[in-house]
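Enquirer: Just a sequence and a predicted model for now, questions to come.
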Amino acid sequence: MRAVVVESKGAAAQVIDADEASMLQGDVQVDVLYSSFNFKDGLAIAGSGVARTFPLIPGIDVVGRVTSSSSEAWKPGDVVVANGDGLGEFKHGGFATRAHLAADSLVRLPDSISPDRAAAIGTAGFTAMIGVLKLSDAGLTPDSGDILVTGAAGGVGSVAISLLARRGYRVVASTGRIDEQGDYLRGLGAADLIDRAELAEAGRPLQSQRWAGAYDSVGSATLANILAQTNYGGTVVACGLAQGPDLPTTVMPFILRDVTLTGANSVDAPHEVRQRAWDALGSELDLGLLDSMTETISLADTITLAPEILAGRVRGRTVVDVNS
């Protein structure tokens, strides 16, 4: 098989002809059709942080066709999707032409979504959908008020804006690149834009109420400010820590405004959550908008793109055609 392999921490990733039999283990064997490129994949290729075992094949997403299976749940010819579940962290991931996967981590690809679009959705879109469902399950409706999305031009933010806008929510997008990304974000459905600098510095534990809810991929002081600005009874979903893992806040938003903070965990999501999210994506996601935010690269391109995504210079979604 052909694969991107990181041999050790700090080592340069390489595209090599690897031995499938000696590297891969799992209930379900698949021919990989596509993967996608995410921030975590950039970290893994850089040999830092997210990678917990070596050698490692990065790629936290896999879209593939089953060739054999020891599980009765899957049969040859099934087209399946795997997101998270340790792929590209401590399990070999999707930056290869072959993958062996755990049967319970797989979801059957909805008929309405092609394999390349499934890769474009990837963990970012899957995580976005989990968060949108959480906001909806919390009782937030389009009449509740503005929904803030931070990291708006990134993969999760881009898909979240599209999904929320299509459900009728008024979305406010936070980005550090308003001049550069404004038209793009409005095209996804954002009704208004704010500069991320407005939220980036430490603020008072309670501030003027602005948001019925929020979807945050930044963390740290940004998340603390969002909580301080969330309306009474509002809900904030956290899914990332681009600014940092700390949360410099107090209990005041929770006990005085009844704000709920919840997480969107795509790595360890149980099968029923995975299937619900993918079914919702199959029926709700505007595939034309998805195409407009997607670029396709080759397996070798993942190595050169890693510094770009780590520097925040990659917009939207990036599909990896592992066979090119």
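Expert: Happy to help now that I have it.
Enquirer: Sketch out the low-pLDDT regions of the stretch 101-250 of the chain for me.
Expert: The stretch 101-250 of the chain contains no residues with pLDDT under 70.
Enquirer: swap the cut-off to 90 and go again
Expert: Along the stretch 101-250 of the chain, the model assigns pLDDT under 90 to residues 154-155, 177, 242.
Enquirer: in what helix or strand does the most centrally placed residue in the chain lie?
Expert: Ranked by distance to the mean C-alpha position of the chain (Cα atoms, centre = their mean), the top residue is Ala124 at 1.9 Å. With elements taken from DSSP states H and E, the one containing Ala124 is helix 115-137.
Enquirer: mind listing what's buried in that helix?
Expert: Of the residues in helix 115-137, 115-136 count as buried by neighbour count, 16 or more other Cβ atoms under 10 Å. Every residue, glycine included, has its C-beta placed from N, CA and C.
Enquirer: now do stretch 299-308
Expert: Judged by neighbour count using 16+ other Cβ under 10 Å, the buried positions of stretch 299-308 are 299, 301-303, 305-306.
Enquirer: Adding pLDDT and distance to Phe37, write those out as a markdown table.
Expert: Below are these laid out as a markdown table (pLDDT from 0 to 100; distance: Cβ to Cβ, whole Å):
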| residue | pLDDT | distance to Phe37 |
| --- | --- | --- |
| Leu299 | 96 | 11 |
| Asp301 | 97 | 8 |
| Thr302 | 97 | 6 |
| Ile303 | 96 | 11 |
| Leu305 | 95 | 6 |
| Ala306 | 94 | 8 |
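Enquirer: How far off centre is the next helix or strand after the helix holding Ala124?
Expert: Downstream of helix 115-137, the next assigned helix or strand under DSSP H and E is strand 147-149. For strand 147-149, the separation from the chain centroid amounts to 16 Å (computed by Cα atoms, centre = their mean, to the nearest Å).
Enquirer: Which strands or helices does the strand or helix carrying Pro307 pack on?
Expert: Here Pro307 sits within helix 301-310, counting by DSSP H and E. Under the contact definition 3 or more Cβ pairs under 8 Å, 6 or more residues apart in numbering; DSSP states H and E, helix 301-310 sits against helix 39-45, strand 317-321.
Enquirer: and the spatially most distant residue from the centre of the chain, what does it touch?
Expert: Most distant from the centre of the chain: Leu256, at 31.8 Å, with distances by Cα atoms, centre = their mean. Leu256 sits next to Leu206 when contact means Cβ atoms under 8 Å, 6 or more residues apart in numbering.
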